[in-house]
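1. Fold the following, please.
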Amino acid sequence: MHNPRHGSLSGDVGLSTGTEARDRVFELVDGFIADPAAGEAAIRSARAALPPEVLGDLDSVLADRRISYRDGVLIQLGYGVVDPALDLTLRPEGARGMAQQLGVFLADRHIIAVKDAYQNIAKNTDRLARGNVPEFDRLLHWVTGAGMPEREAALGLACAAVAATARPVLPMPELNRSALTFARTTGLLLDLLTVPSGGAYEQFAFAALLHTLVASHAADQVRVETKSLNASDRSSFAAGDVQLATGSRAIEAFEVTANSWRTKMDGASKTIRDNDLSRLHIVAARPEGERGAVAERLAELAEDVAVLDVRQAVEVLTAVLTRPQRAEALRRLYEYLDRYQPDAGRVNLLVERLRDADLVERAGD
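-> Modelled structure (predicted):
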């Protein structure tokens, strides 16, 4: 069973309501990950005990792509089984701290997570039933008036459903930093880029290397951000697949793709205008023989656009990192693949290739 990384909740001392609620949720999820049959039994029991309309609302929220509401239900139910007197349409004291810890807890277990559910549900208010998601609102009103057996059943079902989404991802191995020469690191990364991944390896390898470089030299000034593989720039409010940002403003944007550079050219000027950028970088497949075609296409634009070959960009970024920094970049690549794209096989392939390339620590090293 996993060991959850616990901490204090808003300065709580001792076994507070918030601490009990957190521990209850974490222990249930971990238990159901370790014993899927127990999770299935909890779901069957809840389906026999709860009213059909409640089950319908629970199923809807748990399956909703807006996973902040899923996490909000987990937390509110956790508080509800600890303190029957709470009005669960309101955010309990300490719940923001629990939400942040829940995000880390779920991510560590390879479950899609958000950093703080309440940041998205109700950032500046304690009132949670706000008419945005009717099923969520109805659940909070129902559980506030429900008895303890019904609350327990609902929490069991919710925790079991979330546990069932944990992906079978191999753990990131400890890397042998002394082995991470330029040749061996780029050999690994360029080999991954030959594997069709819908652009995942291209986007996240570039983002991981750039993140490590920037964090080593200018972490107090700018940060590197990337987004989910299938999220559009518009829906994620990002200027590009990868961007350099300061405060709330993107200052550099990179469109990264496994496809030809030509696929990103038509929207380049609009991206610059829409995001008030001074320039845009396209990191894509750009064969050496197409340098002339790139130059001709860029000459047609009034805006400042760069076109870089993704393989060469990976090589340059790797070259300027130290061996410990390359290890950090590979760990970051693992995290991005685990967090921002749905295919566990892509994460596992990275781990397998690291082992095959003899880049991991062995017993006695």
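2. what stretches of the stretch 51-200 of the chain score poorly on pLDDT?
-> Residues of the stretch 51-200 of the chain meeting the criterion pLDDT under 70: none.
3. Can you tell me the element the nearest residue to residue 206 once chain neighbours are set aside falls in?
-> Among residues not flanking residue 206 along the chain, residue 256 sits closest, at 5.2 Å (CB to CB, 6 or more residues apart in numbering). For glycine as for every other residue, the C-beta is placed from the backbone atoms N, C-alpha and C. Per DSSP states H and E, residue 256 falls inside strand 249-260.
4. ok, the residue nearest to residue 206 touching residue 203?
-> Yes. Counting by CB atoms under 8 Å, residue 256 touches residue 203, with 4.4 Å between them.
5. who has more neighbours, the two?
-> Taking neighbours as other CB atoms under 10 Å, residue 256 and residue 203 compare with residue 203 leading, 29 against 24.
6. wait, what's in contact with residue 77?
-> With contact taken as CB atoms under 8 Å, 6 or more residues apart in numbering, residue 77 is in contact with 25, 88, 143, 151, 154, 155, 158.
7. How much space separates the first one from residue 85?
-> Which is residue 25. 19 Å (CB to CB, to the nearest Å).
8. Looking at those two, which is more packed in?
-> More neighbours surround residue 25 than the other of residue 25 and residue 85, with 26 against 6 (other CB under 10 Å).
9. Doesn't the more buried one belong to a strand?
-> No. Per DSSP: H, G, I helix; E, B strand; the rest coil, residue 25 lies outside any strand segment and is helix.
10. Quick check: it vs residue 206, distance?
-> From residue 25 to residue 206 the distance is 36 Å (CB to CB).
11. What of residue 23?
-> 40 Å.
12. and these two? which has more neighbours close in?
-> Set side by side, residue 23 and residue 206 show more neighbours around residue 206, with 25 against 15, by other CB under 10 Å.
13. if I read this right, the more buried one contacts residue 309, doesn't it?
-> No. Contact criterion CB under 8 Å: residue 206 and residue 309 do not qualify, at 11.3 Å.
14. Find the residues that touch each one of these two.
-> residue 283.
15. And for residue 185, the neighbour number?
-> Residue 185, neighbours per other CB under 10 Å, totals 24.
16. Which strands or helices does the helix or strand encompassing it pack on?
-> According to DSSP H and E, residue 185 maps onto helix 182-193. Here helix 182-193 touches helix 200-218, helix 310-319, helix 323-340, helix 344-356, going by 3 or more CB pairs under 8 Å, 6 or more residues apart in numbering; DSSP states H and E.
17. I'd like the ones you listed written out as JSON lines, with distance to residue 282 added.
-> Formatted as JSON lines, these follow (distance: least, CB to CB, whole Å):
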{"stretch": "helix 200-218", "distance to residue 282": "12"}
{"stretch": "helix 310-319", "distance to residue 282": "10"}
{"stretch": "helix 323-340", "distance to residue 282": "20"}
{"stretch": "helix 344-356", "distance to residue 282": "23"}
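18. Those: which one's closest to residue 303?
-> With CB to CB as the criterion, residue 303 lies closest to helix 310-319 of those, at 20.0 Å.
19. Report the mean confidence score over that closest one.
-> Across helix 310-319, pLDDT averages out at 98.
20. still on that earlier bit, out of the helices and strands packed on helix 182-193, which comes closest to residue 42?
-> Going by CB to CB, the one of the helices and strands packed on helix 182-193 nearest residue 42 is helix 344-356, 24.0 Å.
21. Only C-alpha atoms, please: export that closest one in CSV.
-> Output of helix 344-356 as CSV, limited to C-alpha atoms (Å, rounded to 0.1, in the frame of the first residue of the first chain):
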residue,chain,number,x,y,z
ALA,A,344,0.4,4.7,-19.7
GLY,A,345,2.4,2.8,-22.3
ARG,A,346,4.3,5.9,-23.3
VAL,A,347,5.4,6.4,-19.7
ASN,A,348,6.4,2.8,-19.4
LEU,A,349,8.3,2.8,-22.7
LEU,A,350,10.5,5.7,-21.3
VAL,A,351,11.3,3.6,-18.2
GLU,A,352,12.0,0.5,-20.3
ARG,A,353,14.3,2.5,-22.7
LEU,A,354,16.2,4.0,-19.7
ARG,A,355,16.8,0.4,-18.4
ASP,A,356,17.8,-0.9,-21.8
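22. for it, packing partners?
-> helix 182-193, helix 323-340.
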